[in-house]
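what follows is a predicted protein model with its sequence.
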Amino acid sequence: MAFTGRYVLESQENYKEFLKALGIKDDNHSSNDEIITDIYQNDTFRVTKFLVNRTWNNLFLIGKESELQTLDGETFKTTVTLDAGKLKIQFPKYLYTAEVDGDKLIEVNTVGAVTNKMISKRTN
């Protein structure tokens, strides 16, 4: 249960570039400097992101096809994997990976040559 916890964003790189690469207008996402990520890991994973203007929630089982939601609210089906402590989700337009290192949650989103890295600190 290494992932379970609440994390507050400390730093991020290339967020606006990532949104642009996805074709998402920055209008609704520009004030997302304060992102809280809540993760519950048991047989089922629950990942909830609390952004300034919305909440985004995904529930899935590792190795089983699950229906997830993108940042835009679009639903899709994928199989989430956990390999060497790294959570991997192939979204329709990008690859998401997450790992816990000490009290830090490190999330990386990659679309083409653009990589967005977010580092959050565990608060509980």
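Yep, it's here.

CA only for contacts and neighbour counts going forward, please
Fine.

residues making contact with the helix or strand of the chain with the lowest mean pLDDT?
Least confident helix or strand of the chain, by mean pLDDT, DSSP states H and E, is helix 15-22 with a mean of 88. Helix 15-22 has contacts (Cα atoms under 8 Å, 6 or more residues apart in numbering) with 25-26, 30, 93, 109-112, 114-117.

which stretches of this structure form strands?
Under the criterion DSSP state E, the chain contains strands at 5-13, 36-41, 44-51, 54-61, 65-69, 75-79, 81-83, 86-90, 95-101, 104-111, 114-122.

mean pLDDT and mean neighbour count for these - can I get that in TSV?
Listed next are these as TSV, based on pLDDT from 0 to 100; neighbours: other Cα atoms under 10 Å:
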stretch	mean pLDDT	mean neighbour count
strand 5-13	95	17
strand 36-41	94	19
strand 44-51	92	16
strand 54-61	91	15
strand 65-69	95	15
strand 75-79	96	14
strand 81-83	93	13
strand 86-90	95	17
strand 95-101	96	17
strand 104-111	96	19
strand 114-122	96	19
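
closest to residue 77 out of the contacts of helix 15-22?
For these, the residue nearest residue 77 by Cα to Cα is residue 93; the value is 12.8 Å.

contacts only, for that closest one.
Applying Cα under 8 Å, 6+ apart, we find residue 93 in contact with 22, 111.

what score does it have for pLDDT?
Residue 93 carries a pLDDT score of 91 in this model.

and it, backbone torsions?
Main-chain dihedrals, residue 93, degrees, to the nearest 10: phi -120, psi -10.

any idea how far residue 105 is from it?
22 Å (Cα to Cα, to the nearest Å).

correct me, but residue 91 touches residue 72?
No. Look at residue 91 against residue 72 with Cα atoms under 8 Å: they stay out of range, at 11.5 Å.

who's more crowded, those two?
residue 91 (21 against 9; other Cα atoms under 10 Å).

give me phi/psi at that one?
phi -80, psi 170.
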